[in-house]
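Chemist: What shape does this take:
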Amino acid sequence: MDRHIPMHALPEEIQKMSPEEKVCKYCGVSYLILHEFKAMEEKVKAMEKEMKFYQGSVDREKKLQEKLQSLSQDFEQYKIDNESKTERLESVIFFCHLFSLKGKYKK
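Modeler: Reported below is the predicted structural model:
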């Protein structure tokens with residue numbers, strides 16, 4: 001996290017102020033660092049929002065990986081089924097060709 005380093009020294013009148021004048025009477029936080037706390041709160045909110053986005057990305061990626069795995073398995077099964085059907089079709093074509101040849105030689 002970036003730390004803000006002031007370019008100029010505090011004005012002399014602020015340096016001479018008593019501690020009671022520099023702190024919030026309600027929470028005790030120095031007015032000089034209150035602004036820095038607020039900036040840090042905004043950064044934390046932005047980072048939380050970004051983390052939610054990335055968390056969603058991880059979940060989406062996991063679902064996509066599962067879908068890809070399922071589709072890959074389906075594809076492999078379709079390839080196996082196709083090879084089996086191709087072999088059966090080749091067998092049928094072979095037998096049809098054989099029977100047609102038998103018919104030619106019967107004459």
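
Chemist: so who does Ile14 touch?
Modeler: When contacts are counted by CB atoms under 8 Å, 6 or more residues apart in numbering, Ile14 is found next to Lys22, Leu32. C-betas here are computed from N, CA, C, even on glycine.

Chemist: Quickly find the element holding the most centrally placed residue in the chain.
Modeler: Residue closest to the mean C-alpha point of the chain, counted by CA atoms, centre = their mean, is Ser57 at 2.2 Å. Under the assignment given by DSSP states H and E, the secondary-structure element containing Ser57 is helix 31-106.

Chemist: How far does that helix sit from its chain's centre?
Modeler: Here helix 31-106 shows a centroid-to-chain-centroid distance of 16 Å under the convention CA atoms, centre = their mean, to the nearest Å.

Chemist: What helices and strands are in contact with that helix?
Modeler: Here helix 31-106 touches no other helix or strand, going by 3 or more CB pairs under 8 Å, 6 or more residues apart in numbering; DSSP states H and E.

Chemist: quick one: average confidence on it?
Modeler: Helix 31-106 shows a mean pLDDT of 88 in the predicted model.

Chemist: And stretch 12-27, by the same measure?
Modeler: Here stretch 12-27 scores 77 as its mean pLDDT.

Chemist: Just the buried residues of that stretch, please?
Modeler: Buried positions in stretch 12-27, judged by neighbour count with 16 or more other CB atoms under 10 Å: Val23.

Chemist: okay, how far is it across that stretch, tip to tip?
Modeler: End-to-end distance of stretch 12-27 (CA to CA, to the nearest Å): 25 Å.

Chemist: All good on my end, thank you.
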